[in-house]
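J.: build me a structure from this.
(one chain, ligands or ions: 2)
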Amino acid sequence: MKLKRRFKVLIVIGPRPEVIKLAPIFLEFRKHKELNTEILLTGQHRQLTDQAMKDFGLKAKYDLNLMKKGQGLEELSARIFLKFGTILKRIKPDLVIAEGDTTTTAICSICCYYQKIPFAHVEAGLRSFDKFQPFPEEINRMIADIIADLHFAPTNDARENLIASGIDGKGIFVTGNTVIDSLLLLSKKNHKFRDTNLNSIKEGKPLILVTMHRRESFGRPIKEVIAALKELNKEDVQIVYPVHLNPNVKGPVYKSLSGCKNIILTDPLNYLDFINLMKKCSFILTDSGGVQEEAPTFGKPILVLRNVTERPEGVKAGIAKLVGTNRRKILRFSNLLLNNKKFYSSMAKKKGLYGAGDASKKIVKIVKTRFLNSN
Ligand code: UD1
Ligand code: UDP
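T.: Ligands and ions are numbered 1, 2, ... in the order given. A predicted model of the protein is given here:
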């Protein structure tokens, strides 16, 4: 007897945050045996994704292994087009799912369009309304949104952006951000840090957590941030900075901050250590998108090292402040958070701005209803 072919879902992952945000979707899809769900890694990131895949206990069926040290956007895009385009013809999925605004997501969405394969975009509708900030993410997510057949918008603001850009509301679903599903999945009490660098953190001393990696900050902006961190490097404060592996970040950060007594520089942390460090810290300096979404769950103030954000919900709620990369502005707000209790309390509020932890369940249900007429 010939077995009925199962509906094939291909989840495409490039850089680290896509592992974190697509892992709960994959785990949820895998509970449904009538769906044949597999992961494809483009390998745009290597160490960072391998680490995160391990944290969630995931294995990829396909790996294009595309990372090259310091490769440019054109080369990366060209290699994704060729390798992903070719493997897509072989796999012939019934649906491709990708997330966010990376070059992996944008180019894979175009390949799906060329081969007329339905494409679903997770975290659809985010906009900064500045095509160079973040660069190239603002245009990447617009490309994925134009092509997508299903748009999973994390918030109502994101939904409104999609409608305003002319996308048919019938394909848009507000689900919350799956990053909150991941936080709830992995966040446990009494975590013991795996990275031994974190053992030197002292209880009872204010702790500032720093991350930075955006392309528009390379060069002078990152130097300004480094100068601010040097001034914050005082006896009564401790700073922990897991440094992104991009050579444009790692080079200047280690050159200037190695040896600063109260600054702990580490390799990128595994996800469990990182979220537990978030819980422990006083506040966060970051240009990360994902961290802006996670911090409100723990009630941690965020100073956003950018001039614009596509996550306005945190700013509107008073939890996040856009301080850009100006040394003086970073210092002014950091010192306010360190020394002014009233100011600190006004920003340190726990809020469920980006989801309730059930986004993946909603997404699977929508896919089944749309493609299999079941739920
Ligand atoms: C990428 C995404 C960005 C996302 C970020 C998350 C694009 C254009 N950029 O930025 O949207 O916010 O990931 O972290 O899609 N490297 C390693 N090992 C790794 C990862 C990176 O050595 O595991 C180094 C390599 O030299 C690599 C470089 O970092 O060439 C840059 O990686 P790339 O993916 O091009 O850009 P990111 O700045 O990481
Ligand atoms: N993160 C991590 N280890 C780190 C720094 C960040 O696991 O050392 C996680 C963080 O919790 C968030 C995601 O990585 O979920 C954000 O990734 P990144 O800032 O690189 O990218 P963005 O979200 O800006 O695209």
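
J.: can I assume residue 222 is in contact with residue 325?
T.: Yes - Residue 222 is in contact with residue 325 according to Cβ atoms under 8 Å; the separation is 7.3 Å. Any C-beta I mention is one placed from the backbone N, CA and C, and that applies to glycine too.

J.: excluding chain neighbours, what is closest to residue 244?
T.: Of all residues not flanking residue 244 in the chain, residue 213 sits nearest, at 3.9 Å (Cβ to Cβ, 6 or more residues apart in numbering).

J.: which SS class is that neighbour?
T.: coil (DSSP: H, G, I helix; E, B strand; the rest coil).

J.: which residues touch it?
T.: Neighbouring residues of residue 213 by Cβ atoms under 8 Å, 6 or more residues apart in numbering: 244, 246, 249, 287, 288.

J.: what's the spacing between the residue lying closest to residue 123 once chain neighbours are set aside and residue 346?
T.: Nearest non-adjacent residue to residue 123, counting by Cβ to Cβ, 6+ apart: residue 100, 4.9 Å away. Using Cβ to Cβ, to the nearest Å, residue 100 is found at 30 Å from residue 346.

J.: looking at those two, which is more packed in?
T.: Using other Cβ atoms under 10 Å, the more surrounded residue of residue 100 and residue 346 is residue 100, with 24 against 13.

J.: correct me, but the more buried one touches residue 122?
T.: Yes - taking contacts as Cβ under 8 Å, residue 100 lies within contact range of residue 122: 7.3 Å.

J.: list residues touching both of residue 222 and residue 325?
T.: The contact sets of residue 222 and residue 325 do not overlap (Cβ under 8 Å, 6+ apart).

J.: that older thread, what touches both of residue 100 and residue 122?
T.: Shared contacts of residue 100 and residue 122, defined by Cβ under 8 Å, 6+ apart, comprise residue 21.

J.: tell me the residue of the stretch 51-200 of the chain that sits nearest ligand 2?
T.: Using Cβ to the nearest ligand atom, residue 179 is the residue of the stretch 51-200 of the chain that sits closest to ligand 2, at 5.8 Å.

J.: so which strand or helix has that residue?
T.: Element membership for residue 179, per DSSP states H and E: helix 178-186.

J.: give the closest residue to residue 230 in space, chain neighbours not counted.
T.: Nearest to residue 230 is residue 260, by Cβ to Cβ, 6+ apart, at 6.6 Å.

J.: residues contacting that neighbour?
T.: 229, 230, 233, 239.

J.: do the same with residue 177
T.: For residue 177, the contacting residues are 21, 123, 154, 155, 293, 354, 355, 359, by Cβ under 8 Å, 6+ apart.

J.: ranking these by neighbours, who comes first?
T.: The most crowded member of these, judged by other Cβ under 10 Å, is residue 123 (32 neighbours).

J.: surely that one is in contact with residue 21?
T.: Yes - using Cβ under 8 Å, residue 123 is in contact with residue 21, at 6.7 Å.

J.: need the residues touching each of those two.
T.: By Cβ under 8 Å, 6+ apart, the residues touching both residue 123 and residue 21 are 99, 100, 177, 178.

J.: could I get the residues you listed as TSV with distance to residue 7 and pLDDT?
T.: Formatted as TSV, these follow (distance: Cβ to Cβ, whole Å; pLDDT from 0 to 100):
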residue	distance to residue 7	pLDDT
99	20	98
100	24	98
177	25	98
178	20	98
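
J.: confidence score at residue 2?
T.: At residue 2, the model reports a pLDDT of 57.

J.: now stretch 155-174: average pLDDT?
T.: 97.

J.: I meant to write stretch 120-134 there.
T.: Per-residue pLDDT over stretch 120-134 has a mean of 98.

J.: please report how far residue 369 lies from ligand 2.
T.: To ligand 2, residue 369 is 29 Å away according to Cβ to the nearest ligand atom, to the nearest Å.

J.: quickly find the element holding that residue.
T.: Residue 369 belongs to helix 359-372 when elements are defined using DSSP H and E.

J.: buried stuff in that helix?
T.: 359, 360, 362, 363, 364, 365, 366, 367, 368, 370, 371 (16 or more other Cβ atoms under 10 Å).

J.: which secondary structure elements does that helix contact?
T.: strand 7-13, helix 16-29, strand 35-41, strand 119-122, strand 150-153, strand 172-174, helix 178-186 (3 or more Cβ pairs under 8 Å, 6 or more residues apart in numbering; DSSP states H and E).

J.: can you do 10 Å?
T.: Under the contact criterion of 3 or more Cβ pairs under 10 Å, 6 or more residues apart in numbering; DSSP states H and E, helix 359-372 touches strand 7-13, helix 16-29, strand 35-41, strand 95-99, strand 119-122, strand 150-153, strand 172-174, helix 178-186.

J.: distance between the longest one and the chain's centre?
T.: The gap between the average C-alpha position of helix 16-29 and the chain average comes to 11 Å, counting by Cα atoms, centre = their mean, to the nearest Å.

J.: stretch 267-283: end-to-end distance?
T.: With Cα to Cα, to the nearest Å as the measure, the ends of stretch 267-283 fall 20 Å from one another.

J.: give the buried residues for it.
T.: 268-278, 280-283.

J.: how far away is the closest residue to ligand 1 within the stretch 251-375 of the chain from residue 336?
T.: In the stretch 251-375 of the chain, the residue that lies nearest ligand 1 is residue 289 (6.3 Å; Cβ to the nearest ligand atom). Residue 289 sits 24 Å away from residue 336, going by Cβ to Cβ.

J.: which parts of this protein sit against ligand 1?
T.: Counting by Cβ under 6 Å from any ligand atom, the residues of the chain close to ligand 1 are 15-17, 44-48, 67, 69-71, 73, 76, 101-103, 136-137, 213, 245-247.
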